[in-house]
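Visitor: test case, fold it:
(2 chains)
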Amino acid sequence: MSRVAVLKGGRSLERQVSLRSGARVEDALKRLDHEVVPIDVALDLIRRLREAEPDVAFIAMHGRDGEDGTVQELLEILGIPYTGSGVLACVRAMDKVLAKHLMVEEGIPTPEFFAFNETAFRELGAAEALPAIEERLEFPIVVKPSSQGSALGIKFARRPADVPAALVSAFSYDSRVLLERHVDGRDLAVSILDGEALPVVEAVPRDEEFYDFEARYEIGRTDFVCPAELPAGVTEQAQELALRTYRLLGCSAFARVDLMLDAGGELTVLEANPIPGLTETSLLPQAAEAAGISFDELVGRILELALTRAPA
Amino acid sequence: MSVSRDLERYAGLFASRTKVMKSSAMRDLMAVTARPEVISLAGGLPDTSTFPPDTFAAVAQRIAAESCARALQYGPTEGLDETKACIAAVMGAEGMRADPEDVVVTTGGQQVIDLVTKTLIDPGDVVIAEGPTYPGAVPVFSTYQANVVQVDMDADGMRVDLLEETLDRLERDGRRPKFVYTVPSFQNPAGVTMSLPRRRRLVEVAHERELLVLEDNPYGLLRYEGDPPPPLYALDGGVYVMYLGTFSKILSPGIRLGWVVAPPPVIEKINLGKQATDLCTSTLSQLMVQAYFERGRWRDYVDSLTAVYRTRRDTMLDSLADHFPRQAEWTRPAGGLFIWATLPDFIDTTDLLARALRDNVAFVPGEAAFLDGRGRSSMRLNFSGCDEDSIREGIRRIAEVVTEQVELYGTLTGEHRSPAATARTEPPSPGAEVLRMPTPAERERRAEES
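Guide: Residues are numbered from 1 along each chain as shown, chains lettered A, B, ... in the order given. Alright, predicted model coming up:
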């Protein structure tokens, strides 16, 4: 059996969720008879990896460092095989602006958007273009940081006066933000495992106005339905779109693609997550379970894929 | 959906009360504040490094020599008589006398909030609290499914006139609140102190309306200037005022020792509740407190803490005046551990915290102190847990990100070179106990706008 370094925690704002994902993965790996070396990612990461000499690293980190390709880059240098997508796919997926531009080019429907760096406002007077953007996108407008993995920093602007404060909030997380057309509809997630789409999960917020950061991970605040009960053909369509997005971004092993289904039956892709949550309430484990793949099996397959893809 | 229940493991097993136990985004943000490189002005921590290790050793030695078996044994639910004697000394220092029969020793002051709520609140019952209120009380009230109504405060503490209006309104709706929860001195998080006239009026209101009041007084002895107004308990004589005391801020939060004083019928129920919760408070902790108090120097230690915290408070106030933009306001506490700062309403302090964490500094976002989504432009700053250099640097870093956001907002709204970006130059008005807290009208406006 393998010696597996489980990378978790780190400096990301999703540290807490990552610690929970890591703990579940560690339990599964132990049940699969692997030797587990848990590492809460900090300044001593490289030293600890060198000391541990793992056969493979299981990256259970979300957001900054884990999902943006940073840790993957370090593991490449150290020659340690790792789970999930490679550096390039992480860079593309984590940067929502880049991912959406790629989707538009590829003809994958994604809500219309405009993206700006803070410097555009500070140095180019981009604020003067806001009325034109608002007219184009129509209220409410979703304002979000480009690279925040969770729903933190996502605001709804309902009228022009809301936009500047929403931008200030979004810029708290990233130097680049998007203003996006709001899609009112059903919140779907398609998880991909080894190039195959799993059953669609629908997240139904209980009484939240907005499916927020808290509800996403909190038991009892969101109902998850899997497989989602969708009109004929929509499931296949959603899975197809998710797979196209997964391939477009160059993801490997697994990922989760979030979509919206609007009242007119149109599907749009919001984003792709190269390392979706692996906690009790996370969508990928739920989707896998609905497909008859237990959590241990899921972890085992993700690990196997990392080992077979091992660098030369 | 049965399908969803199957998928969401354990979800079908949880009590309905867990559904309102909110773990906020903030808690996840707070997980990042624990990292060693972060200057945290977020905690509510006393500085336990000021406690002399020799004293600790002597106290422990004495227990080992004289009462080892007893210290390791269960004790009575209501607490040891020896502990109650120490409690009498502490309450005496603030001009209160309580019948030991009316006292229950608890596992920290937090347990008092839990036991009182457990004793008095059925789901949907109304609790009245200050707005902002102690963030640690919020999950307790939520767990018991209390309906919390928050009454605004100003520089003189809870607006008792607004409390009366609120009570009238509730009465018209046929709802009778069970108790009023207040931290009258150096309030957490606002730092303000309830004036004597308001204290008198609050006690009168309690009597007129047969309404219980829970006076939470963890910081009363940590006063840095001025004369203390009498506690509500002293004004009322223990008829409608229940009193929460704690050794956490005058000795140690690690020993988890607090107490509650309440009228006999209430204390009886609280005692039963405590028995169900944990049988008794740690005997070891109680005997340590007894041994410590018998050395006769506890007031000296409180005085030394007061000196340390006064300097830290002054450092934080000076740093705020030096660095925070002029649109910001903050309270000027005469004691306790916290300053409450309110920023321009376009700044969301939860988002600001995420930005501040990139610069390795943390505070508590104001929304933690409200149950209704208010407080989004405020923050709680703790000055007791960090040394002065850290306080200066921490405030400087927070001010920098605030100023950055004020400037950005100015750019976004076309108000270039906003005057807000320049640091406050005029000193706070002398003699005023606090700088202005937002008026209710302003708060409402903010709530509507956000």
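
Visitor: okay, CA-based contacts and neighbour counts for the rest of this
Guide: OK.

Visitor: dump the residue contacts of A:Pro276.
Guide: A:62, A:255-256, A:282-284 (C-alpha atoms under 8 Å, 6 or more residues apart in numbering or on different chains).

Visitor: what's the pLDDT at B:Trp432?
Guide: Trp isn't right for residue B:432; it's Ala. At B:Ala432, the pLDDT value in this model is 32.

Visitor: before we move on, what about B:Pro263?
Guide: 96.

Visitor: shouldn't it be in contact with B:Asp102?
Guide: Yes. Using C-alpha atoms under 8 Å, B:Pro263 is in contact with B:Asp102, at 6.4 Å.

Visitor: any regions of chain A where pLDDT drops low?
Guide: Along chain A, segments meeting pLDDT under 70 span A:149, A:206-221, A:280, A:310-312.

Visitor: how about the residues of it that lie near chain B?
Guide: Selection of chain A residues close to chain B by C-alpha under 8 Å from any C-alpha of the partner chain yields A:11-17, A:121-122, A:125, A:127, A:152-153, A:162, A:164-165, A:168-170, A:172-173, A:213-214, A:218-221, A:223-226, A:280-281, A:286, A:289-290.

Visitor: neighbours of the closest residue to A:Glu180 other than its chain neighbours, how many?
Guide: Closest residue to A:Glu180 in three dimensions, ignoring its sequence neighbours and counting by C-alpha to C-alpha, 6 or more residues apart in numbering or on different chains: A:Phe113, at 4.2 Å. Other residues near A:Phe113 number 19, with proximity taken as other C-alpha atoms under 10 Å in any protein chain shown.

Visitor: all strands for the stretch 251-400 of chain B, in order.
Guide: Along the stretch 251-400 of chain B, counting by DSSP state E, counting those that start in this stretch, strands occupy B:258-261, B:329-330, B:338-342, B:361-362, B:364-365, B:378-382.

Visitor: can you give me the helices in chain A?
Guide: Ranges of helices in chain A, per DSSP state H, are A:15-31, A:45-52, A:70-78, A:87-94, A:96-106, A:118-124, A:130-137, A:163-171, A:213-217, A:234-249, A:283-290, A:295-308.

Visitor: same list (the ones you listed) but as a markdown table, adding distance to B:Ile255.
Guide: Formatted as a markdown table, those follow (distance: least, C-alpha to C-alpha, whole Å):
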| stretch | distance to B:Ile255 |
| --- | --- |
| helix A:15-31 | 28 |
| helix A:45-52 | 36 |
| helix A:70-78 | 41 |
| helix A:87-94 | 46 |
| helix A:96-106 | 49 |
| helix A:118-124 | 49 |
| helix A:130-137 | 56 |
| helix A:163-171 | 40 |
| helix A:213-217 | 33 |
| helix A:234-249 | 54 |
| helix A:283-290 | 42 |
| helix A:295-308 | 41 |
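
Visitor: contacts only, for the residue nearest to A:Leu188 when sequence neighbours are not counted.
Guide: Nearest residue to A:Leu188 in three dimensions, chain neighbours excluded: A:Glu202, at 4.6 Å (C-alpha to C-alpha, 6+ apart). For A:Glu202, the contacting residues are A:186-189, A:224-228, by C-alpha under 8 Å, 6+ apart.

Visitor: check A:Gln239 too.
Guide: A:Gln239 makes contact with A:190, A:197-198, A:200, according to C-alpha under 8 Å, 6+ apart.

Visitor: among these, which two are most distant?
Guide: Spatially, the most separated pair among those is A:Ala197 and A:Val200, at 8.3 Å (C-alpha to C-alpha).
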